[in-house]
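In: here is my input; please provide its structure:
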Amino acid sequence: MKVNSSRLAILLLAAGQGSRLGNIPKALLKKGGIPLIQRFWQEASSLNAIESISVLGFYAVQIKPLAKQYSRVVTNQQAEEGHGSSVRLGLESLHTNFDLLLIALVDQPRMTQASLELLIDALEGQGDEIDALVPLCQGQRGNPIVMRRRAVLDILNTPAQTPRQWLDQHPKRVCFYETQQDAFIADVDTPDDIKREGLELI
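Out: Numbering: from 1, shown residues only. The predicted model follows:
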């Protein structure tokens, strides 16, 4: 990442039920013997974020002891309401004077420090009219996404709005960053995904 990089906050979403996996916590699936939530925060550690938050929901009791080693933990008590409620809670929990916010998903086992830096540097290199960056691989939107502070404040000033809704409503302020790195679209939703990624069950 650039030497004079912006002040970064990181929001990691790990609140899901994992229903298509038979109701298991994705955050605790292991790759190379390391739980996915631990792998993410280890990869992100060199980014020197000024604020790091894990949003938990389902299985919070099991995940929290590990998550709190690397981040502040907030728990969505209405996790059954879905992804939007968890990301909104995460945004409302931010309290630092960050410049950029990276919003990541826990079930992307190929994510690396270099992948995260690529997105952050790409947004920092955009003109002032661009407030968010979304990776685009093989024509598919990916994750994580990166947003400037003013976009996050826009969302927070609009009751119940989520980043996805903001992105759809402000296309001229969004850079869809084309990349061949399929790490940005490789997630874990089904048993086949677990096999493909070589993950171990808890």
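In: can you tell me how far Asn143 is from Ile185?
Out: In this view, Asn143 and Ile185 are 8 Å apart by Cβ to Cβ, to the nearest Å. All C-beta spots, glycine's among them, are computed from the backbone N, C-alpha and C.
In: between the two, what contacts are shared?
Out: Shared contacts of Asn143 and Ile185 (Cβ atoms under 8 Å, 6 or more residues apart in numbering): Pro135.
In: all strands of this structure, in order?
Out: Read by DSSP state E, the chain holds these strands, from start to end of the chain: 8-14, 30-31, 34-35, 51-56, 72-75, 100-105, 132-137, 140-141, 145-148, 174-178.
In: so which of these comes closest to Glu124?
Out: When these are compared by Cβ to Cβ, strand 100-105 sits nearest Glu124, at 7.4 Å.
In: what lines up beside that closest one in the sheet?
Out: Taking DSSP bridges as the criterion, strand 100-105 sits next to strand 8-14 (parallel), strand 145-148 (antiparallel) in its sheet.
In: and the angle from it to strand 132-137?
Out: 40 degrees (axes from the mean of the first three to the mean of the last three Cα atoms, to 10 degrees).
In: from now on call the first residue 22
Out: Sure, I'll start numbering at 22, so the last one becomes strand 121-126.
In: contact partners of strand 121-126?
Out: The contact list for strand 121-126 (Cβ under 8 Å, 6+ apart) reads 27-34, 61, 65, 68, 70, 108, 111-112, 115, 132, 137, 140-141, 144-145, 164-170, 173, 184, 208.
In: any idea how far the spatially closest residue to Arg109 that is not a sequence neighbour lies from Ile55?
Out: Counting by Cβ to Cβ, 6 or more residues apart in numbering, Arg109 lies nearest to Thr183, which is 5.9 Å off, once chain neighbours are set aside. Applying Cβ to Cβ, the value for Thr183 to Ile55 is 30 Å.
In: more neighbours, those two?
Out: Thr183 (18 against 14; other Cβ atoms under 10 Å).
In: give me the neighbour count for Val94.
Out: 21.
In: okay but it is in contact with Ser73, surely?
Out: No - at 10.0 Å, Val94 does not count as touching Ser73 under the criterion of Cβ atoms under 8 Å.
In: still on that earlier bit, please produce TSV containing the strands paired with strand 121-126, extended by distance to Gly78, mean pLDDT and mean neighbour count.
Out: As requested, the strands paired with strand 121-126 are arranged in TSV below (distance: least, Cβ to Cβ, whole Å; pLDDT from 0 to 100; neighbours: other Cβ atoms under 10 Å):
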stretch	distance to Gly78	mean pLDDT	mean neighbour count
strand 29-35	8	98	26
strand 166-169	20	98	26
